[in-house]
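Colleague: could you work out the structure for the sequence below:
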Amino acid sequence: MWHATFLALAKNFMDINTIIPAMMIDAGGESIHVGVLTAILIGGGRLSQLVFAPLINNRSHKKTFLLSGINLRFITLGLVAFLFLFSPDLSTNVILISIFILITIFAFGGGFATISYTDILGKSILQNRRKKFFSLKQVISSLGLLISAFAVRRILRNSIYPDNYSILFFIATGLLALASLGFWKIKEVQTEQIQIAGLKDYYNKIKSEFKSNQRLAHYLFVINTQGIVLTLMPFLILYGKKQLGAGGAEIGNYLFLKVVGGVITGSIMYYFAREARYHYILYLTSAITILILGSILGLPGSLLFPFIFLIAGFINAFHKISIQGILLEVTNDKNRAIYTGLAGAGKILPAVFSLVGGWIVEQYGFKLFFLIFLGIMALSFYFIYRLNCQK
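Modeller: Modelled structure (predicted):
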């Protein structure tokens, strides 16, 4: 909870859905750059988990790996802050290339840390308390996000490029460093692990897991279809900037409304944790996303556009709570690291869709992009049904 609190305070200052896409555009990037950057953030770190999983899995204690990944992330954020501090003396190409390099390292650090985090979390929280824990974590995180949203909005309103991003990332660096202190106090539970002899043995074990656990394939299909909701908000920011002329003040408002949506979702989930079922939360997430896309297509340039970020806050929170919870339900202490690596690497479509999405917007406009997005979300209903997770 210590980590969740300070991470929540830090997230808005480095928000991958709003701040980082806006930063890329303000630095001189185009639609294709936003697509590539989103692919790196959404898919790059997760693809790296497939490589990291065998290394981390064999260790009974994973705390060192967790801290290493987190430390790499806040060091990288500090370098981004310095990049914008000295950006007046740098060319646009140097700034854009540096952003790509640093954000890639940031994403890989996250992928490295996530495997250890998920394993430690699964061993630390009793099964009958997990849903309550995730809901409480969402509430605390959302409150932290709400507090920091005011600060971020104020910075974006009162500072101009590039000072605004330098300030944001310096603050994010400090808060993420504070968040990591929570994990220094963890007393990790030692459990028996499935041992992996090498790369060939690793892929054989993955093959075996697919045969013995049919829900694994359906889980991967769900995170590859509904999982594209995590790529929606950067493109909404792009839409706001390109089509509606959104500036720093508007981006701050979008971020604030997204956070409010997360607070409301976390509160609802915490109150109804016992009655809520992951299965129905997934259905609800896809349905609301389709309504958002329909409203954008039906009312382009509407004055209601900012409130779409409020609803986007709902779907992001619903998706993250349910997907995290289901992963813990379909794994055990022996195979959790393997599954986490596989689930991360298996999230191919969101990464590819981000890349292709930037190109589609550049060549054909937003309408085709949103129509394709809507079709993929409609497909997710079938895989949610096949997953059949009733917990």
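Colleague: please make it C-alpha for all contacts and neighbour counts, starting now.
Modeller: Noted.
Colleague: looking at this protein, which helix is longest?
Modeller: Longest helix of the chain, by residue count under DSSP state H: helix 92-124.
Colleague: so how far is Ser286 from the residue lying farthest from the centre of the chain?
Modeller: Distance from the centre of the chain peaks at Asp89, with 32.4 Å (C-alpha atoms, centre = their mean). Using C-alpha to C-alpha, to the nearest Å, one obtains 46 Å as the distance from Asp89 to Ser286.
Colleague: what about the strands in the stretch 101-250 of the chain?
Modeller: Applying DSSP state E, counting those that start in this stretch to the stretch 101-250 of the chain gives no strands.
Colleague: which regions of it sit below the pLDDT cut-off?
Modeller: 125-131, 135, 189-200, 202, 209, 213, 248 (pLDDT under 70).
Colleague: how about the longest helix of the chain, which residues are buried there?
Modeller: 95-96, 99-100, 102-120, 122-123 (16 or more other C-alpha atoms under 10 Å).
Colleague: for that helix, packing partners?
Modeller: helix 45-57, helix 63-85, helix 336-345 (3 or more C-alpha pairs under 8 Å, 6 or more residues apart in numbering; DSSP states H and E).
Colleague: show the subsequent helix or strand relative to the shortest one.
Modeller: To tie it back to what came earlier, the one meant is helix 336-345. Next along the chain after helix 336-345, taking DSSP states H and E as the criterion, comes helix 348-364.
Colleague: who are the packing partners of that next one?
Modeller: Using 3+ C-alpha pairs under 8 Å, 6+ apart: helix 348-364 touches helix 31-39, helix 215-225, helix 229-243, helix 366-387.
Colleague: how big is the angle separating the third one from helix 348-364?
Modeller: Between the axis of helix 229-243 and that of helix 348-364 there is an angle of 20 degrees, by axes from the mean of the first three to the mean of the last three C-alpha atoms, to 10 degrees.
Colleague: buried sites along helix 229-243?
Modeller: Quick answer for helix 229-243 (16+ other C-alpha under 10 Å): 229-241.
Colleague: from these, which is closest to Val80?
Modeller: Pro234 (18.9 Å; C-alpha to C-alpha).
Colleague: without its sequence neighbours, what residue ends up closest to Ser286?
Modeller: Nearest non-adjacent residue to Ser286, counting by C-alpha to C-alpha, 6 or more residues apart in numbering: Met377, 6.0 Å away.
Colleague: count the neighbours of Gly298 for me.
Modeller: Neighbourhood size, Gly298 [other C-alpha atoms under 10 Å]: 10.
Colleague: again with Ser141
Modeller: Counted with other C-alpha under 10 Å, Ser141 comes out at 26.
Colleague: now do the contacts for it.
Modeller: If you count contacts by C-alpha atoms under 8 Å, 6 or more residues apart in numbering, Ser141 has them with Ala4, Thr5, Leu7, Ala8, Leu9.
Colleague: mind doing that once more with 10 Å?
Modeller: Residues near Ser141 by C-alpha atoms under 10 Å, 6 or more residues apart in numbering: 1-9, 11, 135, 147, 259, 262-263, 266.
Colleague: out of those residues, who's nearest Lys63?
Modeller: Set against Lys63, the nearest of those by C-alpha to C-alpha is His3 (13.7 Å).
Colleague: buried subset of the contacts of Ser141?
Modeller: Applying 16+ other C-alpha under 10 Å to those flags 2-9, 11, 135, 147, 259, 262-263, 266 as buried.
Colleague: sitting in helices, which of these do you find?
Modeller: Members of those lying in helices (criterion: DSSP H): 2-9, 11, 135, 147, 259, 262-263, 266.
Colleague: many thanks, have a good one.
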